[in-house]
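*Asks:* My questions are about this predicted structure, shown below with the sequence.
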Amino acid sequence: MHKTLIVTNDFPPRPGGIQAFLHNMALRLDPERIVVHASTWKRGREGAEATAAFDAEQPFPVVRARTTMLLPTPAATRRATGLLREHGCTSVWFGAAAPLGLMAPALRRAGAERLVATTHGHEAGWAQLPGARSLLRRIGDATDTITYLGEYTRSRIAGALGPEAAARMAHLPPGVDEKTFHPDSGGDAVRARLGLTDRPVVVCVSRLVPRKGQDTLIKAMPRVLAAEPDAVLLIVGGGPYEKELRALAEATGVARSVHFTGAVPWSELPAHYGAGDVFAMPCRTRRGGLDVEGLGIVYLEASATGLPVVAGDSGGAPDAVLDGETGWVVRGTRPEDVADRLTTLLGDRALRTAMGERGRAWVESTWRWDLLAERLRALL
Ligand SMILES: Nc1nc2c(ncn2[C@@H]2O[C@H](COP(=O)(O)OP(=O)(O)O[C@H]3O[C@H](CO)[C@@H](O)[C@H](O)[C@@H]3O)[C@@H](O)[C@H]2O)c(=O)[nH]1
């Protein structure tokens with residue numbers, strides 16, 4: 001692996017799947033051979049302090065742009081080429097291909113020999129828009145490898161690239177830390193703290209945005225409660241959709257059976273998965289395909305915890321579930337279908353155990369960060 005400059009807008013402490021993806025990969029590369037160039041998390045003192053505290057703990061240097069959004073402007077490109085030269089890097093990894101991959105020609109002129117750009121869910125959506133298609137095509141032509149999460153995103157994005165760039169694509173999905181997420185992650189303590197001991201718990205961990213389908217879970221609850229009157233829906237995560245979700249729970253008459261934790265710190269995340277009997281996130285595609293799930297790290301984290309998984313049919317989410325083995329894929333627009341699967345799982349401990357064990361084994365064999373970081377190392 002060449003010494004690598006990682007250029008990204010998506011790096012912790014900003015939360016989210018792309019951020020988790022990049023950080024986990026970066027932690028598995030040789031810290032002497034990477035330099036991260038990222039935007040600052042949030043405006044104001046709080047954002048700057050949280051960003052500085054996070055950066056100080058990393059084993060590799062993180063050089064922040066002052067802005068909260070890095071764009072491929074001439075000034076930002078000059079800064080990136082300056083960092084490439086200053087640190088003696090000869091590889092570049094764009095954490096998200098668009099739009100920062102547009103810096104690729106300048107970085108190549110400055111000495112980069114390998115340029116890798118990673119795609120996630122949103123590029124699959126953008127690949128449908130004429131302007132964004134030509135942008136992706138330019139990025140594909142200027143880089144050595146465009147990576148993709150799974151077959152769904154590959155097929156969408158390949159269509160926007162030139163044939164040569166499409167042929168150079170490589171599979172690079174996110175993974176899961178199987179030592180952090182495991183069946184004994186402390187779920188009982190979370191249940192006790194929330195007063196849920198002995199109640200059947202459906203847990204959903206995710207940012208609160210319409211695509212993720214927490215609303216479908218709330219709409220499924222009357223049907224679930226008819227079969228399992230003590231059941232609780234545990235909604236973990238924060239986000240802009242919270243007010244609507246709370247109002248929906250009231251309007252549906254299930255507010256007493258829905259518990260919102262808000263966003264939880266990383267250290268408490270595994271125990272919150274562990275508090276569930278079943279994991280469910282019935283995501284759905286929105287905005288005519290623009291707002292689509294790329295994969296869903298949360299399904300893998302749930303499987304690693306030993307939970308059966310109910311996933312939506314949006315985009316690449318089905319790639320994160322072995323349908324009928326580690327859980328089920330459902331129509332994310334149909335609360336009745338979601339309720340039927342949840343009811344079956346809550347009523348059948350042996351089935352939950354079997355699916356959870358199969359999921360755990362699948363994560364161990366296929367989805368470990370260590371295995372996937374090896375793939376990235378080979379590309380750089
Ligand atoms: N600490 C903390 N983490 C959280 C919380 N809520 C969600 N997360 C974490 O945030 C990540 C969410 O990742 P994804 O499920 O993958 O969703 P995403 O943010 O929409 O990510 C996008 O990019 C991913 C990587 O390419 C894709 O896998 C995904 O489908 C989507 O396109 C997971 O690691 C999850 O545990 C919270 O309250 N607290």
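*Replies:* The structure has been received and is ready for your questions. Quick caveat, the model's predicted, so the values are computed rather than measured.
*Asks:* confidence score at residue 126?
*Replies:* With respect to pLDDT, residue 126 scores 86.
*Asks:* Contacts only, for the closest residue to it other than its chain neighbours.
*Replies:* Spatial nearest neighbour of residue 126, chain neighbours left out: residue 132 (3.7 Å); criterion: C-beta to C-beta, 6 or more residues apart in numbering. Just so you know, the C-beta spots here come from the backbone N, C-alpha and C atoms, and that holds for glycine as well. Residues in contact with residue 132, defined by C-beta atoms under 8 Å, 6 or more residues apart in numbering, are 98, 126, 160.
*Asks:* any idea where the helices of the stretch 101-250 of the chain begin and end?
*Replies:* Secondary structure of the stretch 101-250 of the chain by DSSP state H, counting those that start in this stretch: the helices cover 104-109, 121-126, 130-142, 151-158, 163-167, 187-194, 214-227, 242-251.
*Asks:* Go through those and name the closest to the ligand.
*Replies:* Checking the helices of the stretch 101-250 of the chain against the ligand by C-beta to the nearest ligand atom gives helix 121-126 as the closest, at 2.7 Å.
*Asks:* Up against the ligand, what does the stretch 101-250 of the chain have?
*Replies:* By the rule C-beta under 6 Å from any ligand atom, the part of the stretch 101-250 of the chain lying against the ligand is 120, 121, 149, 174, 205, 206, 207, 236, 237, 238.
*Asks:* Tell me the confidence at the residue in the chain positioned nearest to the ligand?
*Replies:* Nearest residue of the chain to the ligand: residue 17, at 2.2 Å (C-beta to the nearest ligand atom). For residue 17, the pLDDT comes out at 89.
*Asks:* That one: how many residues sit nearby?
*Replies:* Residues near residue 17, counting by other C-beta atoms under 10 Å, number 20.
*Asks:* what's the single longest helix in the protein?
*Replies:* Of all segments of type helix in the chain, defined using DSSP state H, the longest is helix 349-366.
*Asks:* for that helix, which positions count as buried?
*Replies:* By 16 or more other C-beta atoms under 10 Å, the buried positions in helix 349-366 come out as 352, 355, 356, 358, 359, 360, 362, 363.
*Asks:* Stretch 160-167 too?
*Replies:* Buried residues in stretch 160-167 (16+ other C-beta under 10 Å): 160, 161, 165, 166.
*Asks:* ok, so of those, who is nearest residue 114?
*Replies:* Distance to residue 114 across those (C-beta to C-beta) is lowest for residue 165, with 14.7 Å.
*Asks:* need the contact list for that closest one.
*Replies:* 137, 140, 141, 143, 146.
*Asks:* How confident is the prediction for the spatially closest residue to residue 326 that is not a sequence neighbour, by pLDDT?
*Replies:* Nearest non-adjacent residue to residue 326, counting by C-beta to C-beta, 6+ apart: residue 359, 3.8 Å away. Here the pLDDT value assigned to residue 359 is 98.
*Asks:* now residue 266
*Replies:* pLDDT for residue 266: 87.
*Asks:* With residue 23 instead?
*Replies:* At residue 23, pLDDT is 97.
*Asks:* by contact count, what packs against the host helix or strand of it?
*Replies:* Taking DSSP states H and E as the criterion, residue 23 maps to helix 17-27. The contact analysis (3 or more C-beta pairs under 8 Å, 6 or more residues apart in numbering; DSSP states H and E) places helix 17-27 against strand 4-8, helix 297-304, helix 369-379.
*Asks:* For the ones you listed, give me a markdown table that also has mean neighbour count and mean pLDDT.
*Replies:* As requested, the helices and strands packed on helix 17-27 are exported to a markdown table (neighbours: other C-beta atoms under 10 Å; pLDDT from 0 to 100):
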| stretch | mean neighbour count | mean pLDDT |
| --- | --- | --- |
| strand 4-8 | 26 | 98 |
| helix 297-304 | 29 | 97 |
| helix 369-379 | 16 | 96 |
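*Asks:* Serialize these to JSON lines and add fields for distance to residue 65.
*Replies:* Formatted as JSON lines, those follow (distance: least, C-beta to C-beta, whole Å):
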{"stretch": "strand 4-8", "distance to residue 65": "10"}
{"stretch": "helix 297-304", "distance to residue 65": "26"}
{"stretch": "helix 369-379", "distance to residue 65": "23"}
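*Asks:* which stretch among these comes nearest residue 92?
*Replies:* Of all those, it is strand 4-8 that lies closest to residue 92, at 5.1 Å by C-beta to C-beta.
*Asks:* coming back round to it: kindly reformat the helices and strands packed on helix 17-27 as CSV containing distance to the ligand.
*Replies:* As requested, the helices and strands packed on helix 17-27 are arranged in CSV below (distance: least, C-beta to the nearest ligand atom, whole Å):
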stretch, distance to the ligand
strand 4-8, 12
helix 297-304, 3
helix 369-379, 11
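*Asks:* And the pLDDT for the residue nearest to residue 126?
*Replies:* In this model, residue 132 carries a pLDDT of 91.
*Asks:* From residue 280, how far off is it?
*Replies:* Taking C-beta to C-beta, to the nearest Å as the measure, residue 132 falls 32 Å from residue 280.
*Asks:* Using the record's assignment, carve this structure into domains.
*Replies:* Here the domain parsing of the chain from the TED database is 2-173+368-377, 185-364.
*Asks:* Comparing the ones you listed, which comes out most buried?
*Replies:* Of all these, domain 185-364 carries the top mean neighbour count, a mean of 20, counting by mean count of other C-beta atoms under 10 Å.
*Asks:* now it: how far from the chain's centre is it?
*Replies:* 15 Å (C-alpha atoms, centre = their mean, to the nearest Å).
*Asks:* For the stretch 101-250 of the chain, which residues score under the pLDDT cut-off?
*Replies:* For the stretch 101-250 of the chain, no stretch is flagged by pLDDT under 70.
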